[in-house]
Every structure is written in structure tokens, then in C-alpha cells.
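S.K.: Structure, please.
(chains A, B, C and D)
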Protein chains: 2
Amino acid sequence: MRVVTDLLPHTLRSDALDNRERILDAARALFASEGLNVPMREIARHARVGPATLYRRFPTKQALVTEAFTEQMRACHTIVDEGLADPDPWRGFRQVIERTCELHAHNRGFTEAFMSTFPDAMDFAAEREYTLNAIAKLAHRAKDTGHLRPDFVLDDLILMLMANRGIHATSTTVRVAASRRFAALVIQAFQTSPTHAPLPPVARLATAAHA
Amino acid sequence: MRVVTDLLPHTLRSDALDNRERILDAARALFASEGLNVPMREIARHARVGPATLYRRFPTKQALVTEAFTEQMRACHTIVDEGLADPDPWRGFRQVIERTCELHAHNRGFTEAFMSTFPDAMDFAAEREYTLNAIAKLAHRAKDTGHLRPDFVLDDLILMLMANRGIHATSTTVRVAASRRFAALVIQAFQTSPTHAPLPPVARLATAAHA
DNA sequence: ACCCAAACGGACGGTGGCGTCCGTTAGCGT
DNA sequence: ACGCTAACGGACGCCACCGTCCGTTTGGGT
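M.R.: Prediction:
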């Protein structure tokens, strides 16, 4: 029995390739502004493509989402890497928060994709893991400088990300502005303070981040 | 022409009244655990009632939601009143935040109903207004004590509420725990601090709180 | 220039939620 | 005990979205 991949050509015809790009563009635009719940057909329409073509290129919405957001995943990657590279860990930490919040505020759909394990078994799991590990390391260093409160845990960051996605607004600009202020407040909360009363116990969200 | 209300009997038959209660119970339970997006028929099924009966009592989902959440609205009311009554405004303010977060964490649907103007023209608008005004007054007093940061604005509280609703979790207990910790962090952020860097400009969310 | 497989998209059947109609049941006043 | 009518709920038609089939078009190799 021949395997399926044997039957599929490894190079797309020019028109097919063109359509693929248009589909991805449409998907990115719609995911960003409307979230992941846009109907597949809506994406197809925006891409000036029939439904069948869309399904031919991306058999499942998963596949489309994954492909559409690789760029943003890379951006996430870059953000934490740069934060990690900063000689001042506390400043790096703050910037990671600020830039991550902004990234998510710009992209409604990306947040959904990143936060939830999605339907299930999102392909971002590995990336997500890498990112969180990097942040954990950064947080450790930031604690050593005495700027990050000692009782901070990684789940607090997830908590913050979940909270950030709760910020809806009609226009992107408003949402981004709100997100920026939110990030500033969060940083304030994470900062070591002479008056920090003990925090309530952590809730283990790391794996329970369902949508 | 006789008005509709003339034709409707002002007293329900006993079985009708019974069904009405069962519908409300089912609605409250489902709204709390699943959010407002539960299908009407699902509510009907849980109430052991035909769809027609549900629609007869509550012609629109709006009506059902409004009726189902009057209790919680009263709770909200009580929370801010008690906060306002506290001789220590800052403690009152903190408790309003804590208790509000907890209330919302317990009730997925209530948050949606309260935050968004919903489809449009939710009947809670008036209550919402009252609540926000009360909190504004409380915040003013808390600032006077020097505990609440001077650059706090009411939109920050809305921001916090929106953020709180972003906290999803499979189980209620986890969500409540997370929400509690979140509230504590938020209070930390709102507290006057020797190190408070100026916050980014506010985003006017008050009216743009769409779902 | 020709051909054929890759690629296309309109059209189809299936599912699930919606709101309403109407024939049947049963509360309650006499 | 009876009858009238409020109240019931199964069943209907509607619409949106889903994923696939299949007859037609077209890129690109010979």
C-alpha cells in the first residue's frame, strides 16, 4: 500500500500556491480581528476562493491556525529571548510582559490559540513550553535582583495572560491602549513592595488553560 | 385596541408558576457553569419543559437572563454598599474588589451579562451605573486616605473586571482560587507605592465594554 | 499546439440552534 | 362533576455552518 504522502506532489502549481497565500492572508486578518470563531467559508470568501480549495489546502481549522500563527509564535520567541538577553533581568521581565500583552492585544485569535490547548492537542504546545521555561528562568534572575516579589510563581504569569485576554474592546487601538495600562499595573503588582501582604494560594492553571 | 397586558392574566396557574421556577433554576445553573451561550433548548431540557413553554414565559433570552440574575445584581449592590459603609475606605475598596472578583468567578454567565451591554440594551444598565458611581465615590475617599494611588481612574476598575473574566478554568474551584489571587495582585497594583512610575494613558472602556 | 493531471468552485446532504404553530392536557372556578 | 381556557410540548420550517463530491477549468511539461 502506497503512503498518502507519496501521492501528494511536493510542489504546488503556481495558482495553487497563490491561493494558499491569499487564504493565509485572509485567515490572519480575520483571526486577528474576529478571533478563531470565524466560519471557514468566511475566510474562503475573503480569499476569493471556493470552500473546497480552502479545505484542500488546510483539511482542518487546526492546520490553518497553526500555519497562520507561526509568525506570531516566532515573535513570542523573540520577545522572551530578548528579555532573557537583557543585562537587567527585572527590566527584561517587565518588557516581556509589556510586549507580550501588546502582541496579544493586537491579535484576538492568537491569544485564543496560544492560551487554550484549543480543541485539543494544539501544535503550539512545544513552543508554549519553551516560552514558559524561558520566562521561568528570567523570573528567577529577576527575583535575585530583589525587584520581583519572591512569592511570584509562573502560574501568576499565566494568570496575567488569561486576564489580558479578557480585555475586549470594539477597536484594536482601544484594546491595545487598555492592554498597555493593564501591563503597567500588573508589573506594579509583581514588583517587590514593602507592604506586600501574603498572596492567596496559587491556582494551578498551567495545564487547565482551557478556552 | 386593547393593550397586550390587558389580555395577559396577572396570576399564573400553579403548574405554570412551578415550571417558571424550574426554568429559572435551570437557567441559573447553566448560565453559571456554561455562560450565556447555552442553547435555549438546553435550558428547557434541564427544566423538564418543552421549548414552547420556555419561550412563552421568557420570549427572549434577554428576559430570561435579566430575571435569572436579579439576585446577583442585588449581591453586587450589597457589596458596594457594604464597602461604602466601611469606616476605612481603603479596606472597603479592597473588599469590594475581592468580593466582586469572587462573585464573578463563581458565575461565568453573570460576568458576561454584567460586562457587556450584551446583544444591546441590557436591562442592567441602570444597576451597573449605580454600582460604578458608588465605587467612584469609594475610590475618591480611598485616595484621600493616601492608600489608593492618585492616578487610579474608574476605567481601571472596569479594566480589572474585564481582565478577571478572562480567567477561565475547567473547575469552578480553580477559577475562584485564581480569581482570589488575581484580586490580591490587583489590589497591590492599585495601592500607592513609593515607586509608582506614571501609568500609560487610560483607555475609555466604560461604554465600549462589548463582548 | 496539445494534453492531462492538478486545481478549482458550485452544489449537495447533514447537523444544530432558532422561534412558532397547533392539537392535546389539566388546573381551577362554578 | 363539569367545562372552559390557560398551559403544555411535539413537530415544523428556517437559517448558518460544516465537510465532501464531481463536473469544469487551467497550468505547465512535451
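S.K.: For the residue of chain A found nearest chain B, which non-adjacent residue is closest in space?
M.R.: For chain A, the residue closest to chain B is A:Gly166, as judged by CB to the nearest CB, at 2.3 Å. In this view, the C-beta of every residue, glycine as well, is placed from N, C-alpha and C. Nearest non-adjacent residue to A:Gly166, counting by CB to CB, 6 or more residues apart in numbering or on different chains: B:Gly166, 2.3 Å away.
S.K.: you'd agree the one you found is up against A:Ile158?
M.R.: No. With contact defined as CB atoms under 8 Å, B:Gly166 does not reach A:Ile158; the gap is 11.1 Å.
S.K.: Mark out where each domain of chain A begins and ends.
M.R.: As assigned by automatic domain parsing, chain A contains the domains A:4-68, A:70-190.
S.K.: So what's the model's average confidence on the shortest one?
M.R.: With pLDDT averaged residue by residue, domain A:4-68 scores 92.
S.K.: Stretch A:89-96 too?
M.R.: The average pLDDT within stretch A:89-96 is 98.
S.K.: Would you mark the buried spots in that stretch?
M.R.: Under the neighbour-count criterion of 16 or more other CB atoms under 10 Å in any protein chain shown, stretch A:89-96 has A:Pro89, A:Trp90, A:Gly92, A:Phe93, A:Arg94, A:Gln95, A:Val96 buried.
S.K.: Helix, strand or coil: sort out A:Val49 for me.
M.R.: Following DSSP: H, G, I helix; E, B strand; the rest coil, we place A:Val49 in the coil state.
S.K.: Tell me which residues touch it, please.
M.R.: Applying CB atoms under 8 Å, 6 or more residues apart in numbering or on different chains, we find A:Val49 in contact with A:Asn19, A:Arg22, A:Ile23.
S.K.: Please name the residues that touch the closest residue to DNA strand C within chain A.
M.R.: Among the residues of chain A, A:Gly50 lies closest to DNA strand C, at 2.2 Å counting by CB to the nearest atom of the strand. If you count contacts by CB under 8 Å, 6+ apart, A:Gly50 has them with A:Ala44.
S.K.: again, but for A:Leu199
M.R.: A:Asp151, B:Arg181, B:Ala184, B:Leu185.
S.K.: Also A:Ile79?
M.R.: If you count contacts by CB under 8 Å, 6+ apart, A:Ile79 has them with A:Gln95, A:Val96, A:Arg99, A:Thr100, A:Leu103.
S.K.: Could you look up the next helix or strand downstream of the strand or helix carrying it?
M.R.: Assessed by DSSP states H and E, A:Ile79 sits inside helix A:70-85. Once helix A:70-85 ends, the next helix or strand along the chain (criterion: DSSP H and E) is helix A:89-106.
S.K.: Any residue of that following helix touching chain B?
M.R.: No. Using CB under 8 Å from any CB of the partner chain, helix A:89-106 never reaches chain B; the gap is at least 9.4 Å.
S.K.: re the thing from before, burial of the residue nearest to A:Gly166, as a residue count?
M.R.: Residues lying near B:Gly166 (other CB atoms under 10 Å in any protein chain shown) number 20.
S.K.: Please apply the same query to A:Ser14.
M.R.: Residues lying near A:Ser14 (other CB under 10 Å) number 8.
S.K.: and the gap between it and A:Leu24?
M.R.: Distance, A:Ser14 to A:Leu24, using CB to CB, to the nearest Å: 16 Å.
S.K.: Equivalent analysis for A:Thr100, please.
M.R.: 23 Å.
S.K.: And these two? Which one has more around it.
M.R.: Neighbour count, other CB under 10 Å: between A:Thr100 and A:Leu24, A:Thr100 has more, with 24 against 19.
S.K.: So that one sits against A:Cys76, correct?
M.R.: Yes. Between A:Thr100 and A:Cys76 there is a contact at 7.1 Å, judged by CB under 8 Å.
S.K.: Excluding chain neighbours, give the residue nearest to A:Arg48 in space.
M.R.: Closest residue to A:Arg48 apart from its sequence neighbours, by CB to CB, 6+ apart: A:Arg22 at 6.7 Å.
S.K.: Verify the contact between the one you found and A:Arg45 for me.
M.R.: No. The criterion here is CB under 8 Å, and A:Arg22 misses it with A:Arg45 at 11.3 Å.
S.K.: For burial, what's the neighbour tally of A:Asp18?
M.R.: 12.
S.K.: for it, phi and psi?
M.R.: phi -60, psi -50 (degrees, to the nearest 10).
S.K.: so what's the residue positioned nearest the centre of chain A closest to, chain neighbours aside?
M.R.: By CA atoms, centre = their mean, chain A has its centre lying nearest to A:Phe114, at 3.9 Å. Of all residues not flanking A:Phe114 in the chain, A:Phe124 sits nearest, at 6.3 Å (CB to CB, 6+ apart).
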